[in-house]
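Trainee: Kindly generate the corresponding structure for this input.
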Amino acid sequence: MNPTTDRIRGGLLAFYRSFMFPTGESMRRWALAAIVVNVGITVTGAAVRVTGSGLGCPTWPRCTSDSFVPTKTDSHAPLNMAIEFGNRLLSFLVLAVAVACVIAAWKLSRGEHGRPVLLRLALLQPAGVVVQALWGGLVVHTMLNPVTVSVHFLLSIGMTAAAVVLFARAGEGDAPATRLVHRDIRTLGYVLTTAAFALLLAGVVVTGTGPHSGDDAASRFGFDIQSVVRLHTDIAYVVVGLTFAMLLALRVSDAPRPARRAALVLLAVVLSQGVVGYVQYFLAVPAALVLLHVLGATLVWICTLRVVFLLRTRGPAPVPAPERPELHHAGV
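Mentor: Below you'll find the predicted structure:
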């Protein structure tokens, strides 16, 4: 048989098995896919804003008053309409992955040794897609009010966090959480997470105050841009300091290697994000760097949560049940 055909067949078979006979590992892969698509739609949402396409589809749920898809109109450029509509279409990919997470988690939740916690976490994904879709309509109807736009971003951050939690829980057991480090280091992890979230909040205030509103008709926060940028920068310094303190504490306490490695990755991401932020500021906020900065913000958030989860353990993940013999005879 052709090697390409073999690879396609193997990929389809693996895809089928991840649905029909999920394991903790395949559940983690679906959770990782949820993380990726949520980060993707967050960044493309920023692309809608920096290209001035926020009202490219000026109505909701339709793109125009009489069509669900972009049609020729004198009020909006075709490119802006395509960009906004493309971002709307991407939400269906996020929904598809969310449904896949629910199906896999539902199958893992059944039986005497099922894991209903995974199903509860997975259900947050489709619920979040619905909330985001409805909130997106509010964003359009409020003409890109910076408050609604900010919440739209934060909802994506929340969905990403839920996917990270699902990823972590799918790879471990259900025993009570046990610390792998000193209690003070875990407390430092919670403080770091709070500071990272505060950094995101300050970032959306800067975004709602500065340029790239998404459309000329959009309103802005009435804050002084220099003041909010300074606040955002000060919080970023706090996050850098806390990250360095976390890395140092993990090294001197001989913490498990995965936690130390995750903290090192977080420090690299935070420092890279700082460089992008400064270059973006001094170059008058070019659109390409805005997208990179938004991507960096989501990565800082993900890496921070990853560090915190590696500071404790719930034991090994349950071993999957043996496969049904008749499936081998069926060639599955």
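
Trainee: Tell me where the stretch 151-300 of the chain has strands.
Mentor: For the stretch 151-300 of the chain, the strands defined by DSSP state E, counting those that start in this stretch cover 178-179.

Trainee: for it, what are the low-confidence residue spans?
Mentor: Across the stretch 151-300 of the chain, no stretch falls below the confidence threshold (pLDDT under 70).

Trainee: who touches stretch 39-46?
Mentor: 86-87, 90-91, 93-94, 152-153, 156-157, 160, 290-291, 294-295, 298-299, 302 (C-beta atoms under 8 Å, 6 or more residues apart in numbering). In this view, the C-beta of every residue, glycine as well, is placed from N, C-alpha and C.

Trainee: element containing residue 308, please.
Mentor: Taking DSSP states H and E as the definition, residue 308 sits inside helix 287-309.

Trainee: in its sheet, what does the next helix or strand after that helix sit against?
Mentor: As assigned by DSSP H and E, the chain's next helix or strand after helix 287-309 is strand 312-313. Strand 312-313 pairs in its sheet with strand 178-179 (antiparallel), by DSSP bridges.

Trainee: Can you give the distance from the strand it pairs with to the centre of its chain?
Mentor: Remark: strand 178-179 is offset 26 Å from the chain centroid, using C-alpha atoms, centre = their mean, to the nearest Å.

Trainee: And this protein, what are its domain boundaries?
Mentor: 8-174+315-332, 177-313 (automatic domain parsing).

Trainee: Output those domains in TSV, with mean neighbour count appended to each entry.
Mentor: Conversion of the domains of the chain to TSV gives the following (neighbours: other C-beta atoms under 10 Å):
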stretch	mean neighbour count
domain 8-174+315-332	17
domain 177-313	17
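
Trainee: who touches stretch 86-97?
Mentor: Contacts with stretch 86-97, where a contact means C-beta under 8 Å, 6+ apart, come from 30, 33-34, 37-38, 40-41, 44-45, 47-48, 57, 63, 125-126, 129, 132-133, 136.

Trainee: from these, which ones fall inside helices?
Mentor: If you go by DSSP state H, these have 30, 33-34, 37-38, 40-41, 44-45, 47-48, 125-126, 129, 132-133, 136 in helices.

Trainee: what about stretch 129-140, average pLDDT?
Mentor: Average pLDDT, stretch 129-140: 95.
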